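Asks: Here's my sequence, what's the structure:
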Amino acid sequence: MTSHHQNSSYAPSRAHSLVKAGLVAALYIVLTMLVAPVAFGPVQFRISEGLNYLGLYNKRYIYAVTIGVFIVNYFQFGPIDMVVGSAATFVFLWIGRWAGEATVRILQKTGRLKADPMIIKYIIMGISFVIQMLPIAGMLLFVGAEAAFWPVYISLAISEAIAMLVTAFVMYPLSKRVDFEA
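Replies: Numbering: from 1, shown residues only. Predicted structure coming up:
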């Protein structure tokens with residue numbers, strides 16, 4: 001007796017990959033809404049930002065997190081936040097991924113890599129998202145935040161740094177038990 005599922009290969013299918021991306025986008029939305037009172041505005045703490053680290057493991061998560069940001073940003077400032085926030089997320093996920101890989105390559109070539117390469121990539125991704133708060137601060141001022149640019153940026157940058165640091169202590173150990181690359 002044969003089954004119509006005789007494929008013995010365990011390579012993830014396109015559908016499997018889309019499901020994983022969809023789950024991550026949905027998880028971003030749920031985690032953000034869980035902390036909604038502190039997830040929007042000049043002081044933001046989104047535990048969902050920890051999902052940014054998934055972009056280091058597989059490119060599909062760059063798209064997934066971007067979609068999650070696009071959808072969740074509807075709930076605060078609407079279309080402008082959907083566009084600016086998701087575009088900034090998309091760009092800085094790629095920058096963080098590229099800069100992390102480049103930094104690790106340079107450290108390996110020069111023999112100065114003394115830590116797990118993924119820790120270096122996490123640090124670079126965290127820095128990338130602190131910088132990513134620049135366009136977000138500009139957008140908040142554009143939509144009417146009554147403050148000067150630098151105080152808004154500094155507030156956002158500190159909030160993002162804390163969120164990325166705290167969630168790194170969850171995502172990194174989790175990555176040792178769950179294969180985020182698959």
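
Asks: drop to CA atoms for contacts and neighbour counts, all remaining ones
Replies: Noted.

Asks: From Phe180, how far out is the one residue sitting closest to the centre of the chain?
Replies: Closest to where the C-alpha atoms of the chain average out (Cα atoms, centre = their mean) is Asn52, at 1.7 Å. The gap separating Asn52 from Phe180 is 12 Å, by Cα to Cα, to the nearest Å.

Asks: biggest helix in the chain, by residue count?
Replies: helix 79-109 (DSSP state H).

Asks: how many neighbours does Ile67 have?
Replies: 24 (other Cα atoms under 10 Å).

Asks: Not counting sequence-adjacent ones, nearest residue to it?
Replies: Closest residue to Ile67 apart from its sequence neighbours, by Cα to Cα, 6 or more residues apart in numbering: Ala25 at 5.9 Å.

Asks: can you check Val130 too?
Replies: Distances taken as Cα to Cα, 6+ apart place Ala157 nearest to Val130, at 4.9 Å, with adjacent residues excluded.

Asks: What distance do you get for that neighbour to Phe75?
Replies: 21 Å.

Asks: neighbour-wise, which of those two wins?
Replies: Neighbour comparison, Ala157 and Phe75: the larger count goes to Ala157, with 24 against 14 (by other Cα under 10 Å).

Asks: and that one, what is it in contact with?
Replies: By Cα atoms under 8 Å, 6 or more residues apart in numbering, the contact list for Ala157 reads Val130, Ile131, Met133.

Asks: Show the model's pLDDT score for the nearest residue to the second one once chain neighbours are set aside.
Replies: So that's Ile131. Closest residue in space to Ile131, ignoring its immediate chain neighbours: Ala157 at 7.2 Å, by Cα to Cα, 6+ apart. Note on Ala157: pLDDT of 97.
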